[in-house]
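> Following is a predicted model, sequence given first.
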Amino acid sequence: MRFATPLIPARLIRRYKRFLADIVLEDGREVTAHCANPGSMMGLAEPGMRIWVEANDDPKKKLKFGWRLVDHENGHFTGVDTSVPNRALRPSLEAGQVPGLTGYTTVRPEVRYGEASRVDFLLSGPDRPDTYVEVKSVTLCRQPGLAEFPDSVTARGAKHLADLAAMVDKGDRAVMLYLVQRTDCTAVTLAADLDPAYARAFDEATQAGVEVICLGTDISPNGIAIGAPLPFQRPGFG
């Protein structure tokens, strides 16, 4: 997935009200950018960080810049836009290029299911059960090389796990897909200390038959592409 317009480097002044960030562009202008991330962004919103933003000339948008990347200035990037995973995954799913999710003829996004929920993708194909796929963007890293989810309490995320388990109980297939929007991680785990309830919901869902798929990403200021599968490590285990 290529960015619609070339990204512009900037420095973060502060992030506030979750969806706003004051930044300074390379030409010295201070502007406010939209931050498409409702999470805590732990470790990714420190003042002075080098970031990349996308400009727009849409008259309907009040903010003319959108924050897209954190540049760790060591060759690695983190994508902070939580809408990216679904947009990047859809063409890969439709092309049958996601390991573990191949052989389906139909890919439908945002299908109603469970208790007043919408599944990110519903995959269908001949001679196989429907497959419900929930996608989570993973950006937290507190140990070198290890990505963690979630970065804050997410009751909604726990509910999605319960909904997936219910689909398995009905005879369908259900997958929790963690897309790591970082280029410096080689494994994925749960941040059980940040949200014990989510960790318990995860254990219950996987015991019920919900599958787990973790994928990396290739990120640059040009765009974000789906990368190779990553191993999942249960908390407390290697």
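That came in fine, so what should we check first?
> Next SSE downstream of whichever helix in the chain runs longest?
Scanning the chain for the helix with the most residues, using DSSP state H, yields helix 155-169. Per DSSP states H and E, helix 155-169 leads on to strand 173-180 as the next helix or strand towards the C-terminus.
> other SSEs contacting that following strand?
helix 84-94, strand 131-138, strand 145-149, helix 155-169, helix 196-207, strand 211-220 (3 or more Cβ pairs under 8 Å, 6 or more residues apart in numbering; DSSP states H and E). C-beta coordinates here come from the backbone N, C-alpha and C atoms, glycine included.
> so what's the residue nearest the centre of the chain up against?
In the chain, the centroid-proximal residue (Cα atoms, centre = their mean) is residue 137; its distance is 1.4 Å. By Cβ atoms under 8 Å, 6 or more residues apart in numbering, the contact set of residue 137 is 79, 82, 84, 85, 179, 181.
> Show me what the nearest residue to residue 25 once chain neighbours are set aside is bridged to.
Distance criterion Cβ to Cβ, 6 or more residues apart in numbering; nearest residue to residue 25, sequence neighbours excluded, is residue 10 at 5.1 Å. Bridge pairing for residue 10 (DSSP bridges) gives the partners residue 25, residue 51.
> show me what contacts residue 10?
Residue 10 sits next to 23, 24, 25, 26, 33, 50, 51, 52, 53, 65 when contact means Cβ under 8 Å, 6+ apart.
> Quick check: can you list the domain ranges of the chain?
The chain breaks down into these domains under automatic domain parsing: 7-79, 84-229.
> end to end, how far does the first one reach?
Put plainly, it is domain 7-79. 12 Å (Cα to Cα, to the nearest Å).
> mind starting the numbering at 640 from now?
Okay, using 640 as the starting number, the last item reads as domain 646-718.
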